[in-house]
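Student: any chance you could fold what I've pasted below:
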Amino acid sequence: MVDDVEVEAERRLLDASDLYTAERVARRPSPIPRVAGVYGWYFDSVPRGVPTDGCHMADGRPLLYVGISPKAPPLAGGQGSRQTIRSRIRYHYRGNAYGSTLRLTLGSLLADELGLALRRVGSGSRMTFGHDGERILSEWMAENARVVWAVVASPWLLEEQLIQRLVLPLNLDQNRHSPFRIALSAARARQREGARRSLLDLD
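Tutor: Got it, this is the predicted structure:
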């Protein structure tokens, strides 16, 4: 069942009359509240090969990805995530591919165009595009990615509905019906394999 808050949150995401750039997101005091919510990413420029047919459009920009913060609490109980839409959106704009699924996806799709390559960090499982690569990706996002957000107490419920109803080619989780899923998964897998090979070459 969709309540009035979720209806208003979806309207705000799709209306997209007030999109935030990286510069606006970085301002202090922050324009984004430190609360739970959902956010949508619109793009001025779309990575090569990403289909936009059927995507929701706002002022000529396609909505390609939705995300939430925090994630749904553990089914077994216990402490859930303390992240908020403020911290999450800021991280997508200026973090790295290990901590941001959106950055991993964009970097994998833009690898050839921007000269990016995923690499292992240390001896663990962390993989990023490196200092220079993440900087280049951040610059691309600052120029091309715009975000809108809405406050929702249980954002994971609305996220599931949005992914089922909308065409969101950059979402993988819960989006098995997406025709772009195979190509996107392959692009990310190539980057991970390249990172593993680069580590073996150093041994």
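Student: going forward, measure contacts between C-alpha atoms and count neighbours the same way
Tutor: OK.
Student: center of the protein, which residue is that?
Tutor: With distances taken as C-alpha atoms, centre = their mean, the residue of the chain nearest its centroid is residue 102 (3.0 Å).
Student: can you check what pLDDT the model gives it?
Tutor: Listed pLDDT for residue 102 reads 98.
Student: who are the packing partners of the helix or strand hosting it?
Tutor: Secondary structure assigned from DSSP states H and E places residue 102 in helix 101-109. Packing partners of helix 101-109 (3 or more C-alpha pairs under 8 Å, 6 or more residues apart in numbering; DSSP states H and E): helix 181-202.
Student: can you give me the buried ones in the helix it packs on?
Tutor: Residues 181, 184, 187-188, 191-192, 194-196 are the ones in helix 181-202 that count as buried (16 or more other C-alpha atoms under 10 Å).
Student: for that helix, packing partners?
Tutor: Checking 3+ C-alpha pairs under 8 Å, 6+ apart, helix 181-202 ends up next to helix 101-109, strand 119-120.
Student: of these, which is nearest residue 25?
Tutor: Residue 25 lies closest, by C-alpha to C-alpha, to one member of the helices and strands packed on helix 181-202: helix 101-109, at 16.3 Å.
Student: okay, the angle between the closest one and helix 181-202?
Tutor: 80 degrees (axes from the mean of the first three to the mean of the last three C-alpha atoms, to 10 degrees).
Student: what residues of helix 101-109 count as buried?
Tutor: 101-109.
Student: would you put the C-alpha positions of the helix holding residue 102 in PDB?
Tutor: Taking C-alpha atoms only, helix 101-109 is exported to PDB below (Å, rounded to 0.1, in the frame of the first residue of the first chain):
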ATOM      1  CA  THR A 101      27.500   1.300  -6.600                       C
ATOM      2  CA  LEU A 102      26.600   4.300  -8.800                       C
ATOM      3  CA  ARG A 103      30.300   5.300  -9.100                       C
ATOM      4  CA  LEU A 104      31.300   1.700  -9.900                       C
ATOM      5  CA  THR A 105      28.600   1.500 -12.600                       C
ATOM      6  CA  LEU A 106      29.400   4.900 -14.200                       C
ATOM      7  CA  GLY A 107      33.200   4.200 -14.100                       C
ATOM      8  CA  SER A 108      32.700   0.800 -15.700                       C
ATOM      9  CA  LEU A 109      30.600   2.300 -18.500                       C
END
